[in-house]
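Q: just the structure for this:
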Amino acid sequence: MNDFLKLESVSMHFPIRKFGKRVRYVHAMDDVSFSLKKGEVLSLVGESGSGKTTTARVIARVYTSTSGDVFVNGKTINRKMSKNELKEYRHRVQMIFQDPFSSLNPTKRVGSILSRPFILYKSMHNSKEMRQAEKDVLELVGIAPPELYLDKFPHELSGGQRQRVGIAKAISVEPDLILADEPTSMLDVSIRLSIMNTLLKLKEERNLSYLYITHDLAGARYVSNRIVVMYAGMIMEIGSAEDLIQHPLHPYTQLLKKAAPSPETGFNKKKLGYVGEVPSLISPPKGCRFSPRCPFAMEKCSKDTPLLYKMEGRKVRCFLYEKQN
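A: Residues are numbered from 1 along each chain as shown. Take a look at the predicted model:
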């Protein structure tokens, strides 16, 4: 099966200047490479500040990468696109945002919010036809009866209902790829599973591909075919969801597994067993970016950056596996 989405050595550096001093850069992404096949769910996992959302926004063409190449359906998206080309691209690649309240216009009713993509991407202007399309897409995401919700404002909906409207907005234009940026993290534990099941149901019915962004390994295991673990702007490990969860290779993945949330308590950072935070991406550590927090760090880890070594269907960026390549 050919890769539908492919990133090759993609970096994203944001310039910053403070009080007239020399320009410095936030290294939000460095040498990021992975692929996603048609109909696959690929989870991008890591702590806040790992570069997950930046990666999604580079793919969505909110940002243009500093270097490297991004291919969607075999075509590069790094080149300058015309207005029509960008519109067609965003027809095929849609985002579901983390906060379902801020992603919906609070001054518009649900019907008006849903009508916008139909007008922009399907040139639908017949009011009766559009009203029916709005009802159909709400039913598709589990909001029923839809006629009771079309005239409501976002603040009149629950968090789960708002996120379902956000999902409906994304799928209404029949995209090929959905970039789901922590779509359940703002929701109550009781409805997270329902939203994930809705996303999986839509994937099967519409042959969608997902890049699913989360800090939760347990959630990633539930929805994903494969998992990419990201830390401080770099990929640490890639593997099938089951293999990576059952037998994590990278020390960071092992520690993330220890902190996997339970249904009752959620994410518990105290379980990680190490101190410190994701390092500053303005001045990232030399060598392996995880080395200042790694319980297995060697002298070379603070000097040299390990490659992404291949390990029987896995890839891992760690010197512990250098001799096995």
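
Q: in what helix or strand does the residue lying farthest from the centre of the chain lie?
A: Relative to the mean C-alpha coordinate of the chain, counting by CA atoms, centre = their mean, the farthest residue is K128 (35.4 Å). Using DSSP states H and E, K128 sits within helix 127-140.

Q: quick one: mean pLDDT for that helix?
A: In this model, helix 127-140 has an average pLDDT of 92.

Q: helices and strands around the helix or strand that comes right after it, which ones?
A: For helix 127-140, the following helix or strand on the C-terminal side (DSSP H and E) is helix 159-171. For helix 159-171, the packing partners by 3 or more CB pairs under 8 Å, 6 or more residues apart in numbering; DSSP states H and E come out as strand 93-96, helix 110-122, helix 127-140, helix 189-206. In this view, the C-beta of every residue, glycine as well, is placed from N, C-alpha and C.

Q: how about a cut-off of 6 Å?
A: Under the contact definition 3 or more CB pairs under 6 Å, 6 or more residues apart in numbering; DSSP states H and E, helix 159-171 sits against strand 93-96.

Q: touching the strand it packs on from outside, list them.
A: Strand 93-96 is contacted from outside by A60, G166, I167, A170, P175, L177, I178, L179, A180, P183, using CB atoms under 6 Å, 6 or more residues apart in numbering.

Q: let's have the residues you listed in TSV, adding neighbour count.
A: Shown next, in TSV, are the contacts of strand 93-96 (neighbours: other CB atoms under 10 Å):
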residue	neighbour count
A60	18
G166	24
I167	25
A170	24
P175	20
L177	20
I178	23
L179	26
A180	27
P183	30
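
Q: any idea which of the residues you listed is least confident?
A: Among those, P183 carries the weakest pLDDT, at 90.

Q: where does it land in three-state SS?
A: The three-state assignment at P183 reads coil, by DSSP: H, G, I helix; E, B strand; the rest coil.

Q: measure stretch 51-71 end to end?
A: Using CA to CA, to the nearest Å, the end-to-end distance of stretch 51-71 comes out at 19 Å.

Q: element containing L86?
A: Counting by DSSP H and E, L86 is part of helix 83-92.
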